[in-house]
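1. Kindly generate the corresponding structure for this input.
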Amino acid sequence: MSRAITIDNSKGTVHFGELVYLYLSPNRSVVLERSMDYAGIIVDGKNHHFARMVIQRIRGNFKPEIYLKPILILNGTAHREPFLRTLIDGTLFSFEQITLVHDHLGSIRQRIKDLNLIHSLSVEAQIITKLLAFMYTREVKELEPISYVYSNTNYTFPFVACHYPFDDEHTIFEVMKIAQEEGLFNSEFFDRTYSCSNCHSSHLNYREVCPKCQSPNAISEDLIHHFPCAYVGPISDFTNQLDDQLDCPKCSRRLRHIGVDYDKPSILHTCQKCTNTFQDFNVYAKCISCLYENPVELLIATDILRYTLTKKGEYAAINGFSSTPKDIEQIIGTVKYDTFKTMVKYEIERLKQTDGSSNIVVIKIVNAGDFYSKVSHDAQKVLLKEIVSEIRSSIRSSDMITFHSSSTILIAMNEIPKRISERITAEILQLLRTLIENNFKDFTIQLESNVSQLNYQLSADLQMDMVINAEVNE
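-> All right, here's what the predicted structure looks like:
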């Protein structure tokens, strides 16, 4: 038995059985929080500006109940915009067509229930988490840039771009670079774009300008070389008002055959602003956004990439992406991961000359997603600092700590037997469990650890990979 569709114009809602959709149109105020209680959102598509504004606000929101909400466009032609087409879940030409997309929207809502989203440490990490969640719920595994006339960068990734104002849209490429470096995406070259060195806009007007005054206002004419008398001058020197023939101003001979009497070795340009004559233009790119004149050699080149979700990305889509390297490398008491790797390399070289024992300890927060979802972004950073402080209190000042990720901590314990490192590690785990229990009465943190003795016969990179990926102990 088919379910009836009823429309409540006073509330701006569309009812389909037990499901209620919110209908947004230009003549109604838009309160996004209202959408949290509805099965989906239907946006009037006759006004492109309105549709773009509303959909960008929805996808740019940081509440999963809003930014993951299914969106349909009703009537109009807004759905033809490539930018909006990647952000919506279907089009309608009448409310009755909801029955045709019911199963598709139901699948999206079901996949949303699979997510275990967390509070990420930074805006960049939050946006990556949102992007992965959106792709998972829409069963999308490839992310291709689109060319868009309203984009400040000419090419854009619509979902990511929803989080940045027009002037800062270039930041989307930095966000995607972080996601790729974290192993969440593989990439391949798509195109290359150039942007203003002053404001990063790709809206550029390329112009040939006078080398002296940079004016684009110039007249160009052929340069003539007369063989018999060797006179060289612009073609205007050889023309007259009586006929359309060419006569040499120096020897008064008529030029009849190109290649026999004369040739045209180049073109001469005359600036109409400063009267400078020259043979080669300078090329500048005037930014349409900020009006800055860019020498083309100073433009910012950006490779535009096509992305494919990796297995790690699929896992992060469900469990969230907690942090970028930048978020955790500045915690007091730690060193950057790259610095840590370099020091391990030096330690291996030192061990080749001695009979000492040095170790790398890995501590993993198994339920990091649940852990970080308990607190806000600022509180997460405070907790990480307290974790580092607890670890630092148990080790020597010469021992180093680094974060491989917000769930994986590495400690270098040099010149110490492995059994002692294992004892210290056990003490650290107990301290961390106590710290979390004191802060979260209803939460039990799951910690695992492993102590690996450095082998001077293996490379630092290989041993670091082995340590990070090794089986760990509770």
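
2. Okay, now the unreliable bits of the stretch 201-350 of the chain?
-> 322-330 (pLDDT under 70).

3. need the helices for it, in chain order.
-> Here the stretch 201-350 of the chain has its helices, by DSSP state H, counting those that start in this stretch, at 311-319, 325-328, 337-351.

4. Out of these, which gets nearest to residue 390?
-> In terms of C-beta to C-beta, the element of the helices of the stretch 201-350 of the chain nearest to residue 390 is helix 325-328, at 15.9 Å. Where C-beta positions appear, they are placed from N, C-alpha and C, glycine not excepted.

5. contacting residues for the closest residue to residue 186 other than its chain neighbours?
-> Nearest residue to residue 186 in three dimensions, chain neighbours excluded: residue 308, at 4.8 Å (C-beta to C-beta, 6 or more residues apart in numbering). Each residue near residue 308 by C-beta atoms under 8 Å, 6 or more residues apart in numbering is listed here: 141, 142, 143, 185, 186, 187, 188.

6. Closest one to residue 41 out of these, please.
-> Using C-beta to C-beta, the contacts of residue 308 come closest to residue 41 at residue 143, 22.9 Å.

7. what's the domain layout of the protein?
-> For the chain, the structural domains run 1-113, 211-280, 322-469, going by automatic domain parsing.

8. Select from those the stretch with the lowest mean pLDDT.
-> The weakest mean pLDDT among those belongs to domain 322-469, with a mean of 85.

9. Now do the contacts for the nearest residue to residue 279 once chain neighbours are set aside.
-> Excluding the flanking residues, the one nearest residue 279 by C-beta to C-beta, 6+ apart is residue 266, at 5.5 Å. Residue 266 makes contacts with 222, 223, 279, as judged by C-beta under 8 Å, 6+ apart.

10. Where strands are concerned, which of these count?
-> Using DSSP state E, the members of those that fall in strands are 222, 223.

11. Turn the contacts of residue 266 into JSON lines, including neighbour count and distance to residue 253.
-> As requested, the contacts of residue 266 are exported to JSON lines (neighbours: other C-beta atoms under 10 Å; distance: C-beta to C-beta, whole Å):
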{"residue": "222", "neighbour count": "14", "distance to residue 253": "18"}
{"residue": "223", "neighbour count": "17", "distance to residue 253": "18"}
{"residue": "279", "neighbour count": "12", "distance to residue 253": "25"}
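
12. Identify, from the contacts of residue 266, the entry nearest to residue 126.
-> residue 279 (55.0 Å).

13. That closest one reaches residue 265, doesn't it?
-> No - using C-beta atoms under 8 Å, residue 279 is not in contact with residue 265; the gap is 9.6 Å.

14. Give the residues shared as contacts by these two.
-> Common contacts of residue 279 and residue 265, defined by C-beta under 8 Å, 6+ apart, comprise residue 223.

15. Report the buried residues of stretch 409-427.
-> Buried residues in stretch 409-427, counted by 16 or more other C-beta atoms under 10 Å: 409, 410, 411, 412, 413, 414, 416, 418, 421, 422, 424, 425.

16. whoops, stretch 63-81 was the one
-> For stretch 63-81, using 16+ other C-beta under 10 Å, the buried residues are 64, 66-76, 78-79, 81.

17. Now do the residue nearest to residue 279 against residue 210, distance only.
-> 17 Å (C-beta to C-beta, to the nearest Å).

18. same deal with residue 156?
-> 35 Å.

19. who has more neighbours, the two?
-> residue 156 (26 against 22; other C-beta atoms under 10 Å).

20. Name all residues that make contact with the nearest residue to that one once chain neighbours are set aside.
-> Leaving out its chain neighbours, the residue that sits closest to residue 156 by C-beta to C-beta, 6+ apart is residue 148, at 5.3 Å. The contact partners of residue 148, by C-beta under 8 Å, 6+ apart, come to 82, 83, 154, 155, 156, 158.

21. go with 7 Å
-> 82, 83, 156 (C-beta atoms under 7 Å, 6 or more residues apart in numbering).

22. nearest to residue 172, of the contacts of residue 266?
-> Scanning those for proximity to residue 172, where the rule is C-beta to C-beta, the winner is residue 279, at 41.9 Å.

23. distance of that closest one from residue 248?
-> Distance from residue 279 to residue 248, by C-beta to C-beta: 21 Å.

24. can you check residue 146 too?
-> 58 Å.

25. And residue 65, by the same measure?
-> When residue 65 is compared with residue 248 (using C-beta to C-beta), they lie 83 Å apart.

26. Going by residue numbers, what spans are helices in the stretch 351-474 of the chain?
-> With DSSP H, counting those that start in this stretch, the ranges of helices along the stretch 351-474 of the chain come out as 368-372, 377-394, 418-439, 460-469.

27. hang on, I meant the stretch 1-150 of the chain
-> Under DSSP H, counting those that start in this stretch, the stretch 1-150 of the chain gives helices at 48-60, 64-67, 82-85, 98-112, 123-137.

28. thinking again about what came up before, let me have the domains of the chain in a markdown table, adding distance to residue 128 as columns.
-> As requested, those are exported to a markdown table (distance: least, C-beta to C-beta, whole Å):
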| stretch | distance to residue 128 |
| --- | --- |
| domain 1-113 | 13 |
| domain 211-280 | 42 |
| domain 322-469 | 8 |
